[in-house]
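Peer 1: here is my input, please return the structure:
(one chain, ligands or ions: 2)
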Amino acid sequence: MTDTSAAPVAGKPVSDRDRVIIFDTTLRDGEQCPGASMTFEEKLEVAALLDEMGVDVIEAGFPIASIGDFESVAEIARRAKNATIAGLSRAALNDIDRCAEAVKHAKRGRIHTFLSTSPVHMKYKLQKQPHEVLEMVVASVTRARNHVEDVEWSAEDGTRTEIDFLCRCVEAAIKAGATTINIPDTVGYTTPAEYEALFRTVIERVPNSDKAVFSVHCHDDLGLAVANSLAGLAGGARQIECTVNGIGERAGNAALEEVVMAIETRSDVLPYRSGINTRMLTRASKLVSAVTSFPVQYNKAIVGRNAFAHESGIHQDGMLKHTQTYEIMTPESVGVSKTSLVMGKHSGRAAFRDKLKTMGYELGENALNDAFTRFKDLADRKKVVYDEDIEALVDQGIAAAHDRIKLISLSVIAGTRGPQRATMKLEVDGQVKTEEAEGNGPVDATFNAIKALVPHQVKLDLYQVHAVTEGTDAQAEVSVRLEENGKAVTARSADPDTLVASAQAYITALNKLQMKRQTMNPQSAAG
Ligand code: KIV
Ligand code: ZN
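Peer 2: Numbering: from 1, shown residues only. Ligands and ions are numbered 1, 2, ... in the order given. From the prediction side, this is the model:
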């Protein structure tokens, strides 16, 4: 149940509000964005959390894209308790069959098939005439319906599609058996009023529109994804496609936590309800940030570090008098609880677990033990352990849990008298190896040692360091992005020693890249 105390403004009673289907595509559209790839285990972990949180439909991946995608969609389908599990497929019949194969294990499986309908996409991308596209819509939906009862059809680039043609395609898709019709704003081009009118027109003009649920899918190129999604509901849509933290192609998708909390908080003007347990939003945000290594901007709505922070004296004064002076929802309603626990080297396991809970983390026994060991180690080296330090060490543990390459030790000789030298010990697939390497500076020497131990040819796209907190003993948080054959992965790591953090981040990125390489499907052109 969501916490309705979050909404200070009276709205319609929950039972009178229209139920909106929350379709999460973090594992498909989200994972598709450069650098946000997740491992098999990470995808299972995210899917389990989404399922528990009350997401209605989890789009688990694009089964034809890679063997890894296929396997993760199939395993998520097997494990899902409540959510419908969807797989994406192009209009090609073998795509649809592969998708059906992956979702068949689910209690409720959905095939989501899409085809471009805008003039620019039909002409340049598909190189097909409108009548050919229409035929493909019918053929693909019919094929999908032969496999499952729950079929979603998307008119890719729907918002730049000529309205008569869009209506014809939608009518044909419903006639062929589509039960959900998605009109995506693929390039993030539309505006709220325009998108609302689009749904009204399509729903009014398509004679069989009452036989399908209409869906919004908005990209954030103009920063309008959430506003457009809500406008689509006003136009008659009842499914929102969104992602945790708004990750996705280019500028991303509508953020799940934002659409859910907008509906929750402004039920007076948005008379809808979702099935999401809003108290799990922070946890979901942290998990997705940890496994993708995509940081959440500090001022991000709902889940940003500053979302409930009050800095100015006037605001703090107001908050002390009455929290509703400057808070339109409570931190507790999104899973952040206030804590007075100060953590240090004398803190015990129970206090640490409690602290994690208040920060929105819930770890399994092994992950908790591992995080606690690393916390103790950090507390020995650092006077004060801030929430940010704990966040960094837990995220790092989640991201590195299934690594094949592990850092055992590193020592670096640096200073004015070069060349700098790094001696490194790694465990690679259970085998311990040591190497010494020189470099143009200590970071270069460290990375050269990794290259000597695990020979590889990848491009270092990004190397960034920032301090997690203040002070000279602050942890350094290092982000590394590696690219290979157009596929990018990002990894983050934190440690009081910048070089250890650098090595750790590079190794995690390398692990992710190895995983990606192994699961790529050489036959597939999708991706
Ligand atoms: O943005 C888009 O159009 C998509 C479709 C595949 C639904 O992601
Ligand atoms: Zn999309």
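Peer 1: tell me how far residue 435 lies from residue 460.
Peer 2: With distances taken as CB to CB, to the nearest Å, residue 435 is found 18 Å from residue 460. All C-beta atoms are positioned from the backbone trio N, CA, C, and that covers glycine.
Peer 1: who's in contact with residue 334?
Peer 2: Applying CB atoms under 8 Å, 6 or more residues apart in numbering to residue 334 gives the contacts 6, 257, 261, 278, 279, 281, 282, 302, 303, 307.
Peer 1: restricted to buried residues, select these in PyMOL.
Peer 2: Restricted to buried positions by 16 or more other CB atoms under 10 Å, the PyMOL selection for these reads:
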select buried, resi 6+257+261+278+279+281+282+302+303+307
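Peer 1: kindly identify which of the contacts of residue 334 also come near ligand 1.
Peer 2: When CB under 6 Å from any ligand atom is applied, no member of those is adjacent to ligand 1.
Peer 1: more neighbours, residue 435 and residue 460?
Peer 2: Legend: neighbour count by other CB atoms under 10 Å for residue 435 and residue 460, higher for residue 435 (16 against 12).
Peer 1: got JSON lines for the contacts of residue 334, with secondary structure too?
Peer 2: Conversion of those to JSON lines gives the following (DSSP: H, G, I helix; E, B strand; the rest coil):
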{"residue": "6", "secondary structure": "helix"}
{"residue": "257", "secondary structure": "helix"}
{"residue": "261", "secondary structure": "helix"}
{"residue": "278", "secondary structure": "helix"}
{"residue": "279", "secondary structure": "helix"}
{"residue": "281", "secondary structure": "helix"}
{"residue": "282", "secondary structure": "helix"}
{"residue": "302", "secondary structure": "coil"}
{"residue": "303", "secondary structure": "coil"}
{"residue": "307", "secondary structure": "coil"}
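Peer 1: tell me the one of the contacts of residue 334 nearest ligand 1?
Peer 2: residue 257 (19.4 Å; CB to the nearest ligand atom).
Peer 1: pLDDT value on the closest one, please?
Peer 2: With respect to pLDDT, residue 257 scores 98.
Peer 1: before we move on, what about residue 517?
Peer 2: The predicted local confidence for residue 517 is 74.
Peer 1: which ones are touching it?
Peer 2: Going by CB under 8 Å, 6+ apart, residue 517 touches residue 484.
Peer 1: and residue 92, how many neighbours?
Peer 2: Applying other CB under 10 Å, we find 18 residues neighbouring residue 92.
Peer 1: to clarify, my last question referred to residue 162.
Peer 2: By other CB under 10 Å, the residues close to residue 162 number 13.
Peer 1: settle this for me: it is touching residue 119, isn't it.
Peer 2: Yes. Using CB atoms under 8 Å, residue 162 is in contact with residue 119, at 6.5 Å.
Peer 1: which element is residue 345 on?
Peer 2: Taking DSSP states H and E as the definition, one finds residue 345 inside no helix or strand.
Peer 1: apart from its chain neighbours, what residue comes closest to it?
Peer 2: In this structure, residue 345 finds its nearest non-sequential neighbour in residue 379, 3.8 Å apart by CB to CB, 6 or more residues apart in numbering.
Peer 1: enumerate the residues of the stretch 1-150 of the chain near ligand 1.
Peer 2: Residues of the stretch 1-150 of the chain lying near ligand 1 (CB under 6 Å from any ligand atom): 29, 114.
Peer 1: tell me if I am right that residue 188 is in a strand.
Peer 2: No. Applying three-state DSSP, one finds residue 188 to be coil, outside a strand.
Peer 1: list the contacts of it.
Peer 2: Contacts of residue 188 (CB under 8 Å, 6+ apart): 218, 219, 220, 221, 222, 224, 225, 250, 251.
Peer 1: what comes up buried for stretch 23-36?
Peer 2: Buried residues in stretch 23-36 (16+ other CB under 10 Å): 23-33, 35-36.
Peer 1: try stretch 481-500
Peer 2: By neighbour count on 16+ other CB under 10 Å, the buried set for stretch 481-500 is 481-484, 487-496, 498-500.
Peer 1: now stretch 108-121
Peer 2: Buried residues in stretch 108-121, counting neighbours by 16+ other CB under 10 Å, are found at 108, 109, 110, 111, 112, 113, 114, 115, 116, 117, 118, 121.
Peer 1: stretch 242-249 now?
Peer 2: Under the neighbour-count criterion of 16+ other CB under 10 Å, stretch 242-249 has 242, 243, 244, 245, 246, 247, 248, 249 buried.
Peer 1: turn the residues you listed into TSV, columns for pLDDT.
Peer 2: Converted to TSV, these look like this (pLDDT from 0 to 100):
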residue	pLDDT
242	98
243	98
244	98
245	97
246	98
247	97
248	96
249	93
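Peer 1: farthest-separated two in those residues?
Peer 2: For the buried residues of stretch 242-249, the farthest-apart pair by CB to CB is 244 and 249; their separation is 15.0 Å.
Peer 1: now the helices for the stretch 151-300 of the chain?
Peer 2: 163-176, 192-205, 225-234, 256-265, 281-292 (DSSP state H, counting those that start in this stretch).
Peer 1: so where is the chain shaky, pLDDT-wise?
Peer 2: For the chain, applying pLDDT under 70 flags the ranges 1-12, 311, 338-342, 383, 399, 401, 518-527.
Peer 1: residue furthest from the geometric center of the protein?
Peer 2: Ranked by distance from the centre of the chain (CA atoms, centre = their mean), the top residue is residue 417, with 45.0 Å.
Peer 1: just checking, residue 480 is part of a strand?
Peer 2: Yes. Counting by three-state DSSP, one finds residue 480 located in a strand.
Peer 1: partners of it in the sheet?
Peer 2: residue 463, residue 491 (DSSP bridges).
Peer 1: show me what contacts it?
Peer 2: 460, 462, 463, 464, 490, 491, 492, 502, 505, 506, 508, 509.
Peer 1: do the same with residue 327
Peer 2: With contact taken as CB under 8 Å, 6+ apart, residue 327 is in contact with 308, 319.
Peer 1: where does it land in three-state SS?
Peer 2: Under three-state DSSP, residue 327 comes out as coil.
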